[in-house]
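1. Got a sequence here, can you model it:
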Amino acid sequence: MQKVRLGHTGMQVSALCLGTMTWGSQNTEAESHAQADLALDHGLTFWDTAEMYPVNPVRAETVGRSEEIIGTWLAARGGRDRLVLASKVTGIGQVVRGGAAITGEIMRAAVEGSLRRLQTDYIDIYQLHWPNRAAYHFRSIWNFDPRKSVKAEVDAHMLEVLHVADDLIKAGKIRHIALSNESVWGAARWQSLAEQHGLPRMATVQNEYSLLCRQFDSDWAEFSVIEDMPLLAFSPLAAGLLTGKYAGDVIPDGSRRSYNPTLSGRVTPQMFPAVAAYLGIAARHGLDPSQMAIAFCMGRPFPTIPIIGATNLAQLATSIGAADVVLSPEVLAEIDAAHRAHPQPY
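-> Next comes the predicted model:
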């Protein structure tokens, strides 16, 4: 698989990233290890996880299990230096630590826990799963209200985290600090404070991006290019909607939607016509719809690495195959027309 430069980190990573959030819930340890083997066989060496994974649903009794499964795979297969591993510290509102906000102390403890579960000495990319302040991600754009954020408090929090990140990098426990579910203002403030105080710059941002979710296309796209902050695009298949398996409002047994009927708010009346438009484009041009959706993300005018996940090997193999797909100008023109007709379906 092609390697791409990961922003200012100096690292070269696979053009796709392997997502592991189903490992330990929808996938057993053996199934997860088989996915890991298949990914590595195809040169997919950039893997993403989080301390709160697996999901669907997030449960106190399974928190950390995805990292543990990666750890047992590493213990059995060896070769930690073959991989670039990304993980995350959980923030407000989840079952981890009672939903506490991220602090420097919490981040130190979270890194130690992840290192132990992953059975490794270091994490390459360590991400803040979402901001402590109000955020517009996860369908919260419809009622986003930033008025509770106080700049002095936000700055103090950011500086605390950056100082701890600096300590963790110097100790060799993480290589880079990064963002997830962040806004352009937030990313700009993180970078400004880092530059002012000689602290680590945020390396990447992991936000949702797909044919159905294109909030990154404007201000974020400009910031990503100019500040050299690549997008790690999660849900490039819109939680499976763009595969076509839910067409006609069908819910296959064992699918993500069988556990999460609305796909966390993605299932709306407006979504079905949008999906039908993209499935039609793929059919007219003889493309697999999943590969078309992932290839679209890879071809954006800002640095983008799609995160692909699967619940079986066939799905994973199909998604990996997107790395070899280049969309024609005709396909891209039809995608543009479909986007204009269905600009924000959820």
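
2. can you pull out the helices in the stretch 1-150 of the chain?
-> 29-41, 65-77, 104-118 (DSSP state H, counting those that start in this stretch).

3. try the stretch 151-300 of the chain
-> Ranges of helices in the stretch 151-300 of the chain, per DSSP H, counting those that start in this stretch, are 151-170, 184-197, 219-226, 256-259, 271-284, 289-298.

4. Among the ones you listed, show me which one is buried the most.
-> Comparing the helices of the stretch 151-300 of the chain by mean neighbour count (mean count of other C-beta atoms under 10 Å), helix 289-298 ranks first with a mean of 23. For glycine as for every other residue, the C-beta is placed from the backbone atoms N, C-alpha and C.

5. helices or strands next to that helix in the packing?
-> Helix 289-298 makes packing contacts with helix 271-284, strand 304-308, helix 313-321, helix 329-341 when contacts are defined by 3 or more C-beta pairs under 8 Å, 6 or more residues apart in numbering; DSSP states H and E.

6. which helices and strands sit right next to the last one?
-> The one in question is helix 329-341. Secondary-structure packing of helix 329-341 (3+ C-beta pairs under 8 Å, 6+ apart): helix 271-284, helix 289-298.

7. Using TSV, please lay out those helices together with distance to residue 144.
-> As requested, those are arranged in TSV below (distance: least, C-beta to C-beta, whole Å):
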stretch	distance to residue 144
helix 271-284	20
helix 289-298	24
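
8. now those helices in JSON lines, with distance to residue 64 and mean pLDDT?
-> Below are these laid out as JSON lines (distance: least, C-beta to C-beta, whole Å; pLDDT from 0 to 100):
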{"stretch": "helix 271-284", "distance to residue 64": "32", "mean pLDDT": "98"}
{"stretch": "helix 289-298", "distance to residue 64": "28", "mean pLDDT": "98"}
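
9. Mind checking the ones you listed for the one nearest to residue 6?
-> Nearest to residue 6, of all those, is helix 289-298, at 14.4 Å by C-beta to C-beta.

10. For the nearest residue to residue 282 once chain neighbours are set aside, list the residues it contacts.
-> Nearest non-adjacent residue to residue 282, counting by C-beta to C-beta, 6 or more residues apart in numbering: residue 289, 4.0 Å away. For residue 289, the contact set (C-beta atoms under 8 Å, 6 or more residues apart in numbering) comprises 242-244, 278-279, 282-283.
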